[in-house]
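Trainee: predicted coordinates and the sequence they were generated for:
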Amino acid sequence: MILTSEILNLHAYLFRIAYNMLGVVEEAEDIVQDVYEKWLSAQRVREPKAYLGRMAVNSSINRLNELKKHRESYIGPWLPEPYITLEPDPSPTIEYGLLFLLERLNPFERAVFILRESFLEEYTAIAELTGLSVDNCRQLLHRAHEKLGRFKNQTLEPASQRARTEAFLLALQQQDRPALDQLLKSDIELFSDGGGKRAAALKPLLGLEKVLKFLFGVAQLPENHESEFEYRPAFANGLPAALLFRRSTGDLDSMSYVVGDTSGIARLLYVRNPDKLHIRDK
């Protein structure tokens, strides 16, 4: 088979499957490249999108099984690589906070969840893409919802997400405890990913007092003085996030993403691993 424009136009579709499965941009691109290479040796394909999609799903499941073993030795919490843009690029369809939660699912549960909830595929199509039965797909989706149920949260409208993010950063910079008490829920969680390359909390922090103690402690370090960081708005997986640059070096230090609803911030996600901090220009 040859790579026609029709086939090449499926790149975004295939990338979305692979990225939402793996949570790593380069790994997703490798999956897409591998799928296209296999396409060149395929013969008599009647439904190219389904054929390529099936290869992307199966390759992603296999690769995710491998990656999960590697991640067992990762230093500290492993967070997905955010798809960072300066404009709200809609390409990766899974909201970053939910993408983080999908790490709680096994590869087949994750595949079924993504195809059903993100791509809105019918069960017959999901069965075709995954090689599972329709009944099995229904069971896996039910199990995925059970695993995610108590962790899932409402998402804010983009304008509210931006306002909440900026209010949090300002309150933290000023170490305004009353304002932070208003913004953060009492059972807030904080996850930070330095990947062993930058300082980060090595375990998840649970509860308002532990989270604030950690944040205030980091803010009071000599290298983190008040004027050291410059906040720039950006988007992670299409929704508002914050990029923090060091003024002294100009380096992108971290990405901060708040998760919550109208009643407050429930989860803070910090990505500091420099391997995961890339701004994707259109």
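Mentor: That came through fine. Numbers count the residues shown, from 1 in each chain.

Trainee: for this structure, what spans make up the strands?
Mentor: With DSSP state E as the definition, the chain shows strands at residue ranges 84-85, 184-193, 205-206, 229-236, 239-246, 252-261, 264-271.

Trainee: present the ones you listed as a markdown table; the columns should include mean pLDDT and mean neighbour count.
Mentor: (C-beta placed from N, C-alpha, C; glycine too.) Rendered in a markdown table, the data for these read as follows (pLDDT from 0 to 100; neighbours: other C-beta atoms under 10 Å):
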| stretch | mean pLDDT | mean neighbour count |
| --- | --- | --- |
| strand 84-85 | 94 | 21 |
| strand 184-193 | 96 | 20 |
| strand 205-206 | 97 | 16 |
| strand 229-236 | 94 | 17 |
| strand 239-246 | 95 | 20 |
| strand 252-261 | 95 | 22 |
| strand 264-271 | 96 | 22 |
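
Trainee: which of those sits closest to residue 127?
Mentor: Taking C-beta to C-beta as the criterion, residue 127 comes closest to strand 239-246 out of the strands of the chain, the separation being 31.1 Å.

Trainee: one step back: how about the strands of the chain in JSON lines, adding distance to residue 77?
Mentor: As requested, the strands of the chain are exported to JSON lines (distance: least, C-beta to C-beta, whole Å):
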{"stretch": "strand 84-85", "distance to residue 77": "19"}
{"stretch": "strand 184-193", "distance to residue 77": "5"}
{"stretch": "strand 205-206", "distance to residue 77": "10"}
{"stretch": "strand 229-236", "distance to residue 77": "16"}
{"stretch": "strand 239-246", "distance to residue 77": "17"}
{"stretch": "strand 252-261", "distance to residue 77": "13"}
{"stretch": "strand 264-271", "distance to residue 77": "9"}
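
Trainee: neighbours around residue 15, how many?
Mentor: Other residues within reach of residue 15, judged by other C-beta atoms under 10 Å, total 20.

Trainee: repeat that for residue 224.
Mentor: Counted with other C-beta under 10 Å, residues neighbouring residue 224 total 13.

Trainee: give the contact list for it.
Mentor: residue 218 (C-beta atoms under 8 Å, 6 or more residues apart in numbering).

Trainee: state the distance from residue 24 to residue 158.
Mentor: In this structure, residue 24 and residue 158 are separated by 25 Å, where distance is defined by C-beta to C-beta, to the nearest Å.

Trainee: and the two? which has more neighbours close in?
Mentor: Set side by side, residue 24 and residue 158 show more neighbours around residue 24, with 19 against 13, by other C-beta under 10 Å.

Trainee: please tell me how far the nearest residue to the more buried one once chain neighbours are set aside sits from residue 13.
Mentor: With C-beta to C-beta, 6 or more residues apart in numbering as the criterion, residue 24 has its nearest non-adjacent residue at 5.0 Å, and that residue is residue 81. Using C-beta to C-beta, we find residue 81 at a distance of 20 Å from residue 13.

Trainee: more neighbours: which of the two?
Mentor: Applying other C-beta under 10 Å to residue 81 and residue 13 shows that residue 81 carries more neighbours, namely 24 against 15.

Trainee: the strands of the chain: which one's closest to residue 63?
Mentor: strand 184-193 (19.7 Å).

Trainee: what separates stretch 259-276 from the chain centre, distance-wise?
Mentor: Stretch 259-276 sits 10 Å away from the centroid of its parent chain (C-alpha atoms, centre = their mean, to the nearest Å).

Trainee: span of it from start to end?
Mentor: End-to-end distance of stretch 259-276: 19 Å, with C-alpha to C-alpha, to the nearest Å as the criterion.

Trainee: residue 280 contacts residue 81, doesn't it?
Mentor: No: at 10.5 Å, residue 280 does not count as touching residue 81 under the criterion of C-beta atoms under 8 Å.

Trainee: average model confidence for the longest helix seen in the chain?
Mentor: Of all segments of type helix in the chain, defined using DSSP state H, the longest is helix 48-71. Taken as a whole, helix 48-71 has an average pLDDT of 95.

Trainee: low pLDDT regions in the stretch 1-150 of the chain?
Mentor: In the predicted model, the stretch 1-150 of the chain carries pLDDT under 70 at residues 90-92, 150.

Trainee: sorry, back to before: show me the contacts for the residue nearest to residue 24.
Mentor: By C-beta under 8 Å, 6+ apart, the contact set of residue 81 is 23, 24, 25, 271, 275, 276, 278.

Trainee: give the contact list for the first one.
Mentor: The contact partners of residue 23, taken as C-beta under 8 Å, 6+ apart, are 80, 81, 99, 102, 103.
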